[in-house]
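Undergrad: Only the shape, not the letters, is given here:
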């Protein structure tokens, strides 16, 4: 195995070792992490098994191009990053020395794609994306974990703009990768109620007025996309026999930039998902919980998850 490949695999092993296992045992009375949302690309990757070779190539190209750009950006910004002491500078230098071989490996893979006879993309047993270019493996690992959900959501949306991801039909996980752009809805205007943007499956956002209408619609689309993604996460947690108390759903306060934690029961057990719009806006979690429960039970439900306020 080439040194760059060994370094790439070592980075992956270290990243995996740092993650506590889903549903890990906790001391009595302590909260547990019940489920972690898979990559936004997971549904797309699953659909590639039966996809034409051209689609597999296009996905691999988009993915590797994005990885190269991400690592180049991190290296460029690190050159100008101020360091306070010699220890910090040595740490930065070690990171740069470790990152350069990974970037070189990515550039080799980037070039190899265009002369490859066979390209395959799949999820490995650790739910990491694996790209095989003429049998040579490349595991996907981003340079900054906090940016991973956004980058992968953008990749999924871009791929689905070029290819028909909506045909997955089953659980909707691939359609969820479309994000806010894939949400269908319309404005509801009435003299008796504030203006509202509502989806066909009953999620509703109210606003005090129609000023900046496009921005308000974008806000609601993002909230709805997050709730759809959360519904899938909660369904998977429930499938594992975990207890979800719908009236207890709440977003944990978290100053980090990574995936958010959503509490699901009185003990404080939680699922982890990338739902930034739910964290950024004053969502009515009582209404959201009712809608999520109805969706899990296959019942229709209309819920105003973002009530009107005087200023938005």
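TA: On my side now, so go ahead. Quick caveat: nothing in here was measured; it's all calculated off a predicted structure.
Undergrad: Could you name the helices and strands sitting against the helix or strand where residue 151 lies?
TA: Secondary structure from DSSP states H and E places residue 151 in helix 148-162. Packing partners of helix 148-162 (3 or more Cβ pairs under 8 Å, 6 or more residues apart in numbering; DSSP states H and E): helix 42-47, helix 53-79. Every C-beta, even on glycine, is put in place using the N, C-alpha and C of the backbone.
Undergrad: tilt between it and helix 53-79?
TA: 150 degrees (axes from the mean of the first three to the mean of the last three Cα atoms, to 10 degrees).
Undergrad: Would you agree residue 112 is in contact with residue 136?
TA: Yes: assessed by Cβ atoms under 8 Å, residue 112 is found in contact with residue 136 at 7.2 Å.
Undergrad: show me the contacts for the closest residue to residue 49 other than its chain neighbours.
TA: Closest residue to residue 49 apart from its sequence neighbours, by Cβ to Cβ, 6 or more residues apart in numbering: residue 122 at 7.2 Å. The contact partners of residue 122, taken as Cβ atoms under 8 Å, 6 or more residues apart in numbering, are 45, 48-49, 129-130, 132.
Undergrad: Name the SS class of residue 122, please.
TA: strand (DSSP: H, G, I helix; E, B strand; the rest coil).
Undergrad: Report pLDDT for it.
TA: Note for residue 122: predicted pLDDT of 92.
Undergrad: And residue 214, by the same measure?
TA: 94.
Undergrad: now it, what's its secondary structure?
TA: helix.
Undergrad: So what touches stretch 186-202?
TA: Contacts for stretch 186-202 (Cβ under 8 Å, 6+ apart): 183-185, 204-210, 213, 216-217, 220-221, 224, 291, 294-295, 300-304, 308.
Undergrad: mind redoing it with 6 Å?
TA: 184-185, 204-207, 210, 217, 220, 224, 301-302, 308 (Cβ atoms under 6 Å, 6 or more residues apart in numbering).
Undergrad: which strands and helices sit next to the helix or strand residue 108 falls within?
TA: Using DSSP H and E, residue 108 falls within helix 86-112. Other elements packing on helix 86-112 under the criterion 3 or more Cβ pairs under 6 Å, 6 or more residues apart in numbering; DSSP states H and E are helix 3-17, helix 53-79.
Undergrad: List the buried residues for the next helix or strand after the first one?
TA: Just to be clear, that refers to helix 3-17. Using DSSP H and E, the helix or strand that follows helix 3-17 in sequence is strand 33-36. For strand 33-36, a neighbour-count test (16 or more other Cβ atoms under 10 Å) marks 33-36 as buried.
Undergrad: any idea of the mean pLDDT in strand 33-36?
TA: Averaging pLDDT along strand 33-36 gives 85.
Undergrad: List the buried residues in the helix holding residue 151.
TA: 148-149, 151-153, 155-157, 159-160.
Undergrad: Pipe these into CSV and attach distance to residue 198 and pLDDT per row.
TA: Formatted as CSV, these follow (distance: Cβ to Cβ, whole Å; pLDDT from 0 to 100):
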residue, distance to residue 198, pLDDT
148, 32, 85
149, 26, 81
151, 30, 89
152, 28, 89
153, 23, 84
155, 29, 92
156, 25, 89
157, 23, 86
159, 29, 92
160, 24, 87
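Undergrad: and which of those is nearest to residue 260?
TA: Closest to residue 260 out of those is residue 149 (9.8 Å), distances taken as Cβ to Cβ.
Undergrad: So the closest one is in contact with residue 274, correct?
TA: Yes: Residue 149 lies in contact with residue 274 (Cβ atoms under 6 Å); the separation is 3.5 Å.
Undergrad: follow-up on the earlier one: output the contacts of residue 122 in CSV, with neighbour count and pLDDT appended to each entry.
TA: Shown next, in CSV, are the contacts of residue 122 (neighbours: other Cβ atoms under 10 Å; pLDDT from 0 to 100):
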residue, neighbour count, pLDDT
45, 25, 90
48, 20, 89
49, 10, 86
129, 21, 92
130, 16, 93
132, 16, 95
